[in-house]
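> after the sequence you'll find the predicted model.
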Amino acid sequence: PHEKAPGFEAMKVNSFFERTRAFIKIEDGCNRFCSYCIIPYARGRVRSKPMDALKKEIAEIAANGYKEIVLTGINLSAYGQEIGLHLCDAVEAACEPDSVARVRLGSLEPEQLNEDVIARLSRQKKLCPQFHLSLQSGSDATLKRMNRHYSAEEYRTIVKNLRAAFANAAITTDIMVGFPGETDKEFQESLAFAEEISFAKVHVFAYSRRPGTKANDAPDQVTPAVKEQRSRLMIEATQKTKEAFFGKQIGLTEPVLFERECDKNVYEGYTENYTPVKAHSGRGLSGEIVPSRITGALSDCCLAELCE
């Protein structure tokens, strides 16, 4: 059980060794009490990094040469709610240093992204057009039992608004299968919804019981065999949507932040919308942002040629 601590616990990291992206934790805890989740009990309520501390950490990371900053948190969307701030304030602060080329967001609770928030975020040109919106299920009945705070229709609208505001946006997510009481009909609704949204990437996982949560004691627990079958079907479907998204990137020229040499003279990096890209180069590319034309797509990445 979480013991109440005085405010946000600063966990500042100044060096990320050979990494090209720097992660800043700006929020801890959660007030949502999803029926399957132990986090509010284990991590406590929402606590946010004060803005002065955040700006100082951003300045230090920028001075250390990192081109991309990733803002993270247990419930990132809730940043600042207890101190009169908003996630948009953190994004704007991270975008401020000239040497920072990109700002990326970690996992988000979708219902926080109303039209005004999306419009404000879209004004930050350094904000990467990749949004990990935790879905969990595309079935309204399942979402209600999970104590999620949106419907499938509301989620659909949020995705539509993000795609309208951010060109070539990638929408990624998490989907749970086998939640207690999930019927075949509910699973099929979730599967169809995932195919409709056409996610760029999906983390599929089977529900697992957590003592102390409401779902742990819920009736109609789904058998391991059914969970395994549903996981396989969901993974197969969302692999197709990922490959379709990769296919749409072919022909585009995008700035790629190369991170590492994954094979001899082959470098791996990411576009702004977090499409993984591999390209040949006779010189070291790690830590560089290079315009690259995407020429092909595999099952797990795109191929590109440098435009130098």
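Everything's here; your move.
> what residues are up against residue 173?
132-135, 194, 197, 199, 201-203 (Cβ atoms under 8 Å, 6 or more residues apart in numbering). The C-beta positions use only the backbone N, C-alpha and C, and glycine is treated the same way.
> and the residue lying closest to residue 26 once chain neighbours are set aside, how far is that from residue 106?
Of all residues not flanking residue 26 in the chain, residue 49 sits nearest, at 4.5 Å (Cβ to Cβ, 6 or more residues apart in numbering). The spacing between residue 49 and residue 106, counted by Cβ to Cβ, to the nearest Å, is 14 Å.
> what of residue 144?
In terms of Cβ to Cβ, residue 144 sits 26 Å off from residue 106.
> between these two, which one's more packed in?
More crowded of residue 144 and residue 106, by other Cβ atoms under 10 Å: residue 106, with 17 against 12.
> quick one: the more buried one from residue 24, how far?
Counting by Cβ to Cβ, the gap between residue 106 and residue 24 amounts to 10 Å.
> joint contacts of these two?
Common contact partners of residue 106 and residue 24 (Cβ under 8 Å, 6+ apart): 70-72.
> any chance of a markdown table for the residues you listed, columns distance to residue 159?
As requested, the shared contacts of residue 106 and residue 24 are arranged in a markdown table below (distance: Cβ to Cβ, whole Å):
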| residue | distance to residue 159 |
| --- | --- |
| 70 | 21 |
| 71 | 20 |
| 72 | 22 |
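> buried ones among these?
70-71 (16 or more other Cβ atoms under 10 Å).
> ok, the shared contacts of residue 106 and residue 24 vs residue 239, which is closest?
residue 70 (24.9 Å; Cβ to Cβ).
> hmm, that closest one is touching residue 100, no?
No. In this structure residue 70 lies outside contact range of residue 100 using Cβ atoms under 8 Å: 11.2 Å.
> which residue, neighbours along the chain excluded, lies closest to residue 272?
Residue 272 sits nearest to residue 128 (Cβ to Cβ, 6+ apart), 4.7 Å away.
> got the phi/psi numbers for the residue nearest to residue 26?
When read as degrees, to the nearest 10, the backbone of residue 49 gives phi -70, psi 130.
> measure how buried it is and give me the count.
Applying other Cβ under 10 Å, I find that residue 49 has 27 neighbouring residues.
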